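Asker: Just a sequence and a predicted model for now, questions to come.
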Amino acid sequence: MTRTVVRANGLTKRYGSFTAVDAVELKLEENRIYGLLGRNGAGKTTIMQMLTGQLFPDAGELSVFGREPAEHADVLRRMCFIAESQRYPEDFTPAHVFKSAPWFFEHWDAAFAEQLVADFRLPLKRRIKKLSRGQLSAVGVIVGLASRAPLTFFDEPYLGLDAVARHIFYDRLLEDYAEHPRTIVLSTHLIDEVANLLEHVILIDQGRILFDRDADELRGSATTVAGPRAAVESFVADRPVIGREGLGGLASATIDGRLDQGDRIRAAELGLELAPVSLQQLIIHLTGTDLRADSTEGEVAA
Ligand SMILES: Nc1ncnc2c1ncn2[C@@H]1O[C@H](COP(=O)(O)OP(=O)(O)OP(=O)(O)O)[C@@H](O)[C@H]1O
C-alpha cells in the first residue's frame, strides 16, 4: 500500500493583502517523483517552504509524515530542501558542506557525494563565494542527492548548470532513485528536459493548483495531427481540439484524448501524420501558459 507523505488541505499563505498560496489541496505519496511546475511567482517556493517548516501557513491543515512540519525535529530530519540560492556560512568550502552534511542527514552517503563531486568537476577546496553560479548549483544538487532524504525538494536546482551538468543531475537522480526510492519534488521551468523523470505533475498558477495528474496519463492524453489543411480539418471536425497551428496549405491540430486503431487508419488514409504531444506542449495547450517564457536561462528546452 502506498503511504501518503504530505497532505495539505486549504493550505494558504498571505503576504499582507496578497494571497501567494490560495487554499491548496495536495497529496504527495511515498516513493514518487513529482514535478511542481508553474510560472514565476506562481507560489512553488512558498508551498515548499511551508511543507519544510520554514514558513507557517496562514490557514489550512498540513501534515508531513503524519505531523505538522514546523518545529517537529523528527519530521524536519527526514527532509532535504535545496533552494534556488542556497546560503552557506561565510568562508565555507564545498568540502566543509559535505563534511557537515551527515549531521543533518542520517542517510548521507559520502561515497556517492564523492562520485558526484568528480562528475560535476567541483573544486572542493575553493571558497563557496568564489564558485561560479553553476558550481554553486552543483553543491546543492550533490547535497540533495547524497542526503537520500525520504522527502527531497529541489527548487529550480539547475541555475547556471550547463546542459551536460543538468543531464548528469537527471541521470544520477534516476539511477539513485531506482536503488533508493524516496519522494522527490522537483520545481522547474525546463519541463521537456525533466519530462521523462516525472511520475506526477502538479501545475500551479497564481497560488492555485491548475492540475494535479499522473505524468503517464498526461503524456498519452493528446496527439497532434499534421498534414494538408482540409484533411486536418476533416479529421478533427468532431473532436476536442486544444491547439491549432498552420502555414499556407499545411496545418496541425492537437486533439485532447487518445486515438484508437480506427482513428489511426483514417488519419493514414487522409495522409496525416500523428505525433505524441510533449508534456511541455500539453501544458501550454491546456493552460495557455508557456513556462519557457519565464526562464532566466539562455538555454531552454527546444
Ligand atoms: N516575503 C514576501 N513578501 C511578499 N510577497 C512575497 C514574499 N515571498 C513571496 N512573495 C510573493 O508570493 C508569490 C509567490 O512567490 P514564490 O516565490 O512562491 O513563487 P515561485 O512559484 O517559487 O516563483 P519562481 O518560479 O519565480 O521562483 C510571488 O508573487 C512573490 O512575489
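Answerer: All right, it came through fine.
Asker: Test my guess that Ala23 contacts Lys13.
Answerer: No - the criterion here is CB atoms under 8 Å, and Ala23 misses it with Lys13 at 10.4 Å. C-beta: built from backbone N, CA, C; applies to glycine.
Asker: between those two, which one's more packed in?
Answerer: Comparing Ala23 with Lys13 by neighbour count (other CB atoms under 10 Å), the higher total belongs to Lys13, at 22 against 15.
Asker: Bridged to that one, which residues?
Answerer: Residues found in beta-bridge contact with Lys13 (criterion: DSSP bridges) are Val21.
Asker: which residues touch it?
Answerer: Lys13 makes contacts with Thr19, Ala20, Val21, Gly43, Thr46, Met50, Leu55, Pro57, Asp58, Gly207, as judged by CB atoms under 8 Å, 6 or more residues apart in numbering.
Asker: Kindly recompute the last result at 7 Å.
Answerer: Applying CB atoms under 7 Å, 6 or more residues apart in numbering, one finds that Lys13 lies in contact with Ala20, Val21, Thr46, Met50, Leu55, Pro57, Asp58.
Asker: sec struct for the fifth one, please.
Answerer: Applying DSSP: H, G, I helix; E, B strand; the rest coil to Leu55 yields a three-state assignment of coil.
Asker: how deep is the residue nearest to it when sequence neighbours are not counted tucked in, by neighbour count?
Answerer: Distance criterion CB to CB, 6 or more residues apart in numbering; nearest residue to Leu55, sequence neighbours excluded, is Gln49 at 4.1 Å. For Gln49, the tally of surrounding residues (other CB under 10 Å) stands at 19.
Asker: and what of Arg121?
Answerer: 11.
Asker: Within range of the ligand, give me the residues from the chain.
Answerer: Taking CB under 6 Å from any ligand atom, the part of the chain that reaches the ligand is made up of Tyr15, Ala20, Gly38, Asn40, Gly41, Ala42, Gly43, Lys44, Thr45, Thr46.
Asker: Let's see that with 5 Å instead.
Answerer: Proximity of the chain to the ligand (CB under 5 Å from any ligand atom) is limited to residues Tyr15, Ala20, Asn40, Gly41, Ala42, Gly43, Lys44, Thr45, Thr46.
Asker: Which strands or helices does the helix or strand containing the last one pack on?
Answerer: In this structure, Thr46 sits in helix 44-51 according to DSSP states H and E. Here helix 44-51 is seen to pack against strand 4-15, strand 18-29, strand 151-155, strand 183-187 when contacts are counted using 3 or more CB pairs under 7 Å, 6 or more residues apart in numbering; DSSP states H and E.
Asker: who touches that helix?
Answerer: For helix 44-51, contacts defined as CB under 7 Å, 6+ apart pick out 6, 11, 13, 20-21, 24, 36, 38, 55, 57, 62, 64, 69, 81, 153, 155, 185, 187, 204.
Asker: Now do the contacts for the nearest residue to Pro240 once chain neighbours are set aside.
Answerer: Taking CB to CB, 6+ apart as the measure, Pro240 lies nearest to Asp256, with 4.4 Å between them; neighbours along the chain are not counted. With contact taken as CB under 7 Å, 6+ apart, Asp256 is in contact with Ser221, Ala222, Pro240, Ile242.
Asker: Just among the residues you listed, which is most surrounded?
Answerer: Neighbour tally across the contacts of Asp256 (other CB under 10 Å): the maximum, 23 neighbours, falls on Ala222.
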